[in-house]
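structure, please.
(one chain, ligands or ions: 2)
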Amino acid sequence: MTGVTDHKLRGDYSRMRPDHTVDQDWDAYSEAEHALWRRLYARQAALAPRYACEEFNATLATLDCGGGIPRFDLVNARLGLATDWQLVAVPGLLPDLTFFEHLAHRRFPVTVWLRDPEEFDYIVEPDVFHDFYGHVPLLFQPMFADYLQAYGQGGIKAHALGAIEMLARLYWYTVEFGLIETPGGLRAYGAGILSSGGELPHCVESAQPHRIGFDLMRIMQTQYKIDTYQETYFVIRDFSELFAATAPDFTPFYAELRDREPHSPSSVLASDRVLHRGTAPSRAA
Ligand code: PHE
Ligand code: CO
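Ligands and ions are numbered 1, 2, ... in the order given. Below is the predicted model:
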């Protein structure tokens with residue numbers, strides 16, 4: 001996820017470099033932390049074949065990271081060869097512009113710390129399990145990898161234009177909570193659901209949330225909630241739809257959207273391509 005929040009951040013920001021990166025210090029992880037990672041991984045990897053998109057599953061199998069918290073340097077050797085991306089270790093959430101600068105240079109920031117055992121089911125701030133398990137597999141997918149870099153470049157521009165809020169909604173409803181249509185039915189490609197034990201089955205199977213066809217302008221006009229399961233998921237047909245829709249210069253889009261009232265996370269519009277109309281508000285995550 002992105003964006004610095006109001007509350008005090010949890011990571012240790014005292015030792016970071018000017019670009020906000022740190023050393024992963026893999027030797028400092030305890031055996032209890034590796035054991036917690038194994039439990040988190042086992043739960044999610046058991047759900048993935050049924051609920052995650054094929055591109056995610058294909059890469060996850062080759063990453064071989066179920067045995068403990070992975071070493072970023074070892075993954076980087078392979079990721080560089082695959083799509084020319086690199087993981088960089090960070091203390092936690094970053095300022096928007098810093099985050100965009102990393103993405104624009106094909107560097108993905110991964111938080112170094114792991115959640116506490118009490119946070120097995122739910123965590124507010126992204127930790128190494130969310131950042132690595134949820135985001136890294138799709139960095140191996142060439143078109144998605146290019147999308148994330150373009151998003152970072154677009155973020156630098158949106159920052160200059162005062163349009164980060166609109167662009168952040170796009171990240172939320174695609175990179176974090178996106179669904180994709182496949183021959184086997186709807187699947188998740190968003191990291192926020194891929195790393196969640198509860199929301200991953202929910203987003204595909206529950207009758208509660210709306211599922212609406214991807215629509216760039218609609219998404220950038222739609223608010224989102226960060227503390228419940230999503231009330232609306234947006235569904236892409238394939239990664240090329242996402243890539244093509246986001247290729248144009250957004251400057252005129254921001255100008256157009258600026259004067260419009262935002263949509264609530266639960267509304268369905270007459271112009272929506274409705275794949276499923278939700279039955280009820282979703283419960284707290
Ligand atoms: N094309 C967008 C712009 O000009 C940038 C962007 C690309 C945003 C890909 C999101 C995803 O601002
Ligand atoms: Co995330």
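
going forward, measure contacts and count neighbours with C-alpha atoms only.
Fine.

quick check: phi and psi on the most centrally placed residue in the chain?
Centroid-nearest residue in the chain, with CA atoms, centre = their mean: Glu176, separated by 2.9 Å. The phi and psi values for Glu176, taken as degrees, to the nearest 10, are phi -90, psi -40.

please name the nearest non-neighbouring residue to it.
Gly190 (4.1 Å; CA to CA, 6 or more residues apart in numbering).

does Gly80 really touch Gln86, like I thought?
Yes. Using CA atoms under 8 Å, Gly80 is in contact with Gln86, at 6.1 Å.

more neighbours: which of these two?
Gln86 (24 against 14; other CA atoms under 10 Å).

neighbours around the nearest residue to that one once chain neighbours are set aside, how many?
Once flanking residues are discounted, Gln86 sits nearest to Arg107: 4.9 Å by CA to CA, 6+ apart. By other CA under 10 Å, the residues close to Arg107 number 20.

residue contacts, Gly154?
Residues near Gly154 by CA atoms under 8 Å, 6 or more residues apart in numbering: Phe250.

buried residues, the helix or strand harbouring it. List them.
Element membership for Gly154, per DSSP states H and E: helix 142-161. Neighbour-count burial for helix 142-161, counted by 16 or more other CA atoms under 10 Å, picks out 144-158.

next, see if it gets close to ligand 1.
Yes. Helix 142-161 reaches ligand 1 (CA under 6 Å from any ligand atom) through 147, 150-151, 154.

for Asp116, state which of those residues is nearest.
Closest approach between the residues of helix 142-161 next to ligand 1 and Asp116, by CA to CA: Tyr151, at 31.3 Å.

I'd say the closest one and Leu103 touch.
Yes. Look at Tyr151 against Leu103 with CA under 8 Å: they come within range, at 7.4 Å.

you'd agree the residue nearest to Gln86 is up against Ala89?
No. When contacts are counted by CA under 8 Å, Arg107 is not listed as touching Ala89 (9.8 Å).

what about the protein, any weak spots by pLDDT?
1-7, 281-285 (pLDDT under 70).

residue numbers of it in contact with ligand 1?
147, 150-151, 154, 246-250.

with distance to Tyr224 added, can I get those residues in CSV?
Below are the residues of the chain next to ligand 1 laid out as CSV (distance: CA to CA, whole Å):
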residue, distance to Tyr224
Tyr147, 21
Ala150, 22
Tyr151, 19
Gly154, 20
Thr246, 20
Ala247, 23
Pro248, 24
Asp249, 24
Phe250, 20
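
nearest to Cys203, of the residues you listed?
For the residues of the chain next to ligand 1, with Cys203 as the reference and CA to CA as the criterion, the closest is Tyr147, at 22.8 Å.

now the closest one. Nearest residue, chain neighbours left out?
Phe243 is the one closest to Tyr147 (CA to CA, 6+ apart), at 5.9 Å.

shouldn't that neighbour be in contact with Met143?
Yes. The pair Phe243 / Met143 is scored as a contact, 7.3 Å apart, by CA under 8 Å.

could you pull out the strands for this structure?
86-90, 107-111, 179-182, 185-188, 210-213, 232-236, 274-276 (DSSP state E).

which one among the residues of the chain next to ligand 1 gets closest to Arg277?
Closest to Arg277, out of all of these and judged by CA to CA, is Thr246, at 25.6 Å.
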